[in-house]
Every structure is written in structure tokens, then in C-alpha cells.
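> I'll drop the sequence and a predicted model, then ask my questions.
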Amino acid sequence: MSFNLQKKLDSGSEYTAGKNRSPLESSDSGAVAVGESVLQRDSIIYLDEDFAVVVKETGEVCEEGAPHSLSNRLRPLVEERLGHRVFRCECVHRLDQPVSGLCLLGLTEQGIKLLSQCFASRSVKKSYCAITERRSASLVQESPPAGEEQWVQLDCLMTFDGGLQKARIVKAEAGGKNNASLRYKVLGQGERYDFLLVEPLTGRSHQIRCQLAAIGRPIKGDLKYGAKRSEKIGGIRLHAWKLEFSHPMTGEKLSFTCLPPKMDTLWQVCTEFLH
């Protein structure tokens, strides 16, 4: 995978992981230094002393030390790029194992603390692209946010069964419930599938998978939530495409995007709608 870099001096920095090699990439190491950041033609999009923005592949887990751990895979590369050991290397937020896309790795106590606060205050904007099957049943409320007719907002109460490792939508009187909200818009439609842009407004476990299934749009390949069959390329058709937040130390506005690691015809069609 190769990366492009676009630098916006007036409004912050935008980093795009894409298919085309940037003309700035001329060093033998395959890295371009931009201030304190490093652009790599691999899984690391952004790196400084406190955190890294990386690309998680389907099948990897975000828990540190677990088999197929994202942090275990990338710690040696992070240390090589920084030139010293790091004593923390853990995901600040979670992506489900079958989901690919952008993830934040905290590398210091301060970085982990401040980035965790950003997520807790919902000041990190996350955008996903999804390919869904098309059904008819809808179990949750759908309403367009005021003044944004292209978007549809989903609001419900949700609980998570740790034994089954599955989320479900519940009624108001049920115990152990949490509010779950997201918004989505249909980017395009094929003969059998819909292509969606999804923005979670809360951070519940399996939230996107559960809520889309509840409106008759199970994510392609997601057998746990009603998809017809698994994916030949592995994982499910849900990809964390974009992250936007302010640098917790400098306040600089940062924006990161990346294409799915396993590009095929369906992902190609879906991501073309993003532009």
C-alpha cells in the first residue's frame, strides 16, 4: 500500500492513504518527514512521539498482547521509525476484529490519556464506508437530522451480551441499556447491495453492525447480524475510512483517510462514491 500526502497549512493537515505514490516520496526508506510526522508506504500513516495513526486489517484485534494483535504487529515498526523503544503501544479505541480501517495507537501515558479524553468527549469524528445487503424490516427510528435531508439518523437503546459477543436493540424498560445513535447516507446502489457512508454518534460495541441490520441493511459478510454468506476475502464490508480530530498537544486539526487494505471490485465501486 502506498500513501499520498496533502498538506493544508491554513486549516490543518490532511493525510490520505491511497493507491498512488506521492511525488514527495523520494527517500530510499520510503518515508517522508513532515514536521514531526512520518508518512510511510505501509500501515503507519502518521507517527509522532505520543501516538500513531495506523491501518488495521481484517482479522486483527485491538487488544494488546492478544493473538493477531494490531499493536504487536506494529510496535517493532513504530520503534524502528522513532529510533527508540516505546513502553506503551495500545489502541485508544476499538475496531471489531472483522472490520478494517484507521485506528489510533497511543505510545505514551500522556498520549493515551489525552486521546482517550478526546473520544470520551466525542470530539473525534469517525466515518465508515459500508456495503450492505438490502432487506425490508426496520426495528429502529429513522429520521433525517434538521437541515440535512441526505442523512438519516438512527436512535435506539442497545445492550451487549458479553457471552454471545453480540449487541441487540431493546425497549426502554430493559435493563443494562445504552443510547445508541448514528447517521448514514446512501452513496449509491447496485443491483444487490447499497453503498453507505456511516458516522457513529455514540461508541457502543457492534453499534453500526447492529443498527444497520435492524433497518434491513445487514453488512455484507456479517453472519452474526444476518448477512446471507461470509466473505471470500475475509472480514465484513465495513471499513473505518476517515478520522478527524485536533492534535491533543498542539491543537492542530488533523484529518486522515485510507482505502480498504483488500481492494476488489465492490470496494472500488463503494470508494468511488466517496469522491
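Arrived safely, thanks for sending.
> And the helices in the stretch 51-200 of the chain, which stretches?
70-82, 109-120 (DSSP state H, counting those that start in this stretch).
> Report the separation between residue 177 and residue 199.
The gap separating residue 177 from residue 199 is 22 Å, by C-beta to C-beta, to the nearest Å. For glycine as for every other residue, the C-beta is placed from the backbone atoms N, C-alpha and C.
> Can you pull out the low-pLDDT segments for the stretch 1-150 of the chain?
1-12, 17-42, 136-149 (pLDDT under 70).
> Tell me if I'm right that residue 85 and residue 78 touch.
No: using C-beta atoms under 8 Å as the test, residue 85 is too far from residue 78 to be in contact (9.7 Å).
> Mind checking which of these two has more residues around it?
Comparing residue 85 with residue 78 by other C-beta atoms under 10 Å, the one with more neighbours is residue 78, at 21 against 9.
> For residue 120, the count of nearby residues, please.
A count of nearby residues for residue 120, using other C-beta under 10 Å, gives 10.
> Residue 77 now?
16.
> Strands along the stretch 101-250 of the chain, start to end?
For the stretch 101-250 of the chain, the strands defined by DSSP state E, counting those that start in this stretch cover 125-133, 141-143, 152-161, 166-170, 178-189, 193-200, 238-246.
> hey, least reliable of the ones you listed by pLDDT?
Lowest mean pLDDT of the strands of the stretch 101-250 of the chain: strand 141-143, a mean of 58.
> Let me see the backbone angles for residue 205.
With angles defined as degrees, to the nearest 10, residue 205 sits at phi -60, psi 130.
> Residue 268 versus the nearest residue to it once chain neighbours are set aside, what's the distance?
Sequence neighbours aside, residue 160 is the residue nearest to residue 205 in space, at 4.7 Å (criterion: C-beta to C-beta, 6 or more residues apart in numbering). Residue 160 sits 33 Å away from residue 268 when distances are taken as C-beta to C-beta.
> Of these two, which one has the most company?
Ranked by neighbour count (other C-beta under 10 Å), residue 160 and residue 268 place residue 160 first, with 17 against 12.
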